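S.K.: Give me the fold of what follows.
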Amino acid sequence: MTRWLSLIVVTVVLTLGASQLGVPSAGLFVALFVAVVFALAGWAPSSGVPRKIGIAAQAILGVEIGTLVQRDTLSTLGDNWVPVVLACIGTLVLSLAAGALLGLRRDVDTITGSLALVAGGASGLVAIAQELGGDERVVAVVQYLRVVLVTTTMPIVATVVFSARGTDAVIVDAVKAPWLVDLLFVVVCGAVGYAVAVLVRLPAPGLLGPLIVATAADLLGFSFGAGVPSLLLAAAYIGIGWQAGMRFTMDSLRSISRVLPTALLLIIGITVGCALLGLWLTASTSITAYEGYLATTPGGVYAVLAIAASTGANVTFVVAAQVIRVFMMLFAVPVGTKIVRHYREK
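M.R.: You can find the predicted model right below:
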């Protein structure tokens, strides 16, 4: 109990500080870092994160991602659906190719390489990595490296390459439901989604089941403006970070440090490839090159939204394209992994 209390206090304090500094996915990053330190020092709880808590964290993330898929936002794509979906497929192909290259290393298997470099849904992929047969430690570190790299370079590229300047644009928040409705929405979507996903043997049922139910509720107008309470979402991020961090050892840390230079080069390759897809999307639609870049940037949906809104870009188009990318990645990878493992076992 003392170890758990120490872990909780240190994580919460550092998460609050990181959030103030604008660190992306602060809860996940801090929890991962703190859990690694505790694990290496021998201070981590020996039991690790209970499986039920891990599934609950996946369900919360699934509901959060599902609420991003809103009918009004997606309708703004109009006749541009096909180019946007093709750009997302191109991003998936780039990610899988980079993952296969990372998987050529002796210390990284193909599934882990693919999960680590898929450009979308970083927190969700970390949450289900172990369940899909990957090494969640490698996935967590490489995915967060991608998010940090993309998020930090985005404002620089926007300013230097596209000469984007701040405007008075303001994001108007939708009317939010009472917290009790939010909580009920999460519980219902999580419980129903997980039960149905297990029943139909969907891969990663803890994440994908609630994601499907929350998305359906949003698109059909049954969500009543509900979403995931911020504290609950932060707790889910922390649980996922702990889950991956507590499995670290000195040997695994040394192994992952050797992987990082290769992973960094591949992440840069994916980012450049996605920028080229953005140029193609620009040529195929009526959006500007700057909006094409934001729409295909491989990471940081909320950071993209903030930059698009503050620089006067077409926010709804950019967000719609980004949501489709994340949605596609989180579905394609678990299903593809299940198919690969099925044929391997034959």
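S.K.: Wait, residue 262 touches residue 105, no?
M.R.: Yes: contact criterion CB atoms under 8 Å: residue 262 and residue 105 qualify, at 6.6 Å. Yep, even glycine has a C-beta here, placed from its N, CA and C like the rest.
S.K.: helix or strand right after whichever strand or helix holds residue 13?
M.R.: Using DSSP states H and E, residue 13 maps to helix 2-20. On the C-terminal side of helix 2-20, the closest following helix or strand by DSSP H and E is helix 26-41.
S.K.: Summarise which helices and strands the helix or strand immediately after that following helix in the chain is packed against.
M.R.: Following the chain from helix 26-41 toward its C-terminal end, the next helix or strand by DSSP H and E is helix 51-68. Counting contacts by 3 or more CB pairs under 8 Å, 6 or more residues apart in numbering; DSSP states H and E, the secondary-structure elements packed against helix 51-68 are helix 122-128, helix 179-199, helix 205-219, helix 230-245, helix 315-344.
S.K.: what stretches of the stretch 101-250 of the chain score poorly on pLDDT?
M.R.: Applying pLDDT under 70 to the predicted model, the residue ranges of the stretch 101-250 of the chain that meet it are 166-177.
S.K.: ok, now with 80
M.R.: When residues are selected by pLDDT under 80, those of the stretch 101-250 of the chain lie in 120-121, 152, 164-177, 223-225.
S.K.: Please tell me how far the helix holding residue 13 is from the chain's geometric centre.
M.R.: A distance of 22 Å separates the C-alpha centroid of helix 2-20 from that of its chain, computed with CA atoms, centre = their mean, to the nearest Å.
S.K.: now for it, which elements pack on it?
M.R.: With contacts defined as 3+ CB pairs under 8 Å, 6+ apart, the packing partners of helix 2-20 are helix 26-41, helix 230-245.
S.K.: relative to helix 2-20, how tilted is the last one?
M.R.: The directions of helix 230-245 and helix 2-20 differ by 120 degrees, with axes from the mean of the first three to the mean of the last three CA atoms, to 10 degrees as the criterion.
S.K.: and helix 230-245, which residues are buried?
M.R.: Buried residues in helix 230-245, counted by 16 or more other CB atoms under 10 Å: 232-245.
S.K.: Repeat that for the first one.
M.R.: Applying a neighbour-count criterion of 16+ other CB under 10 Å, one finds 26-36, 38-39 buried in helix 26-41.
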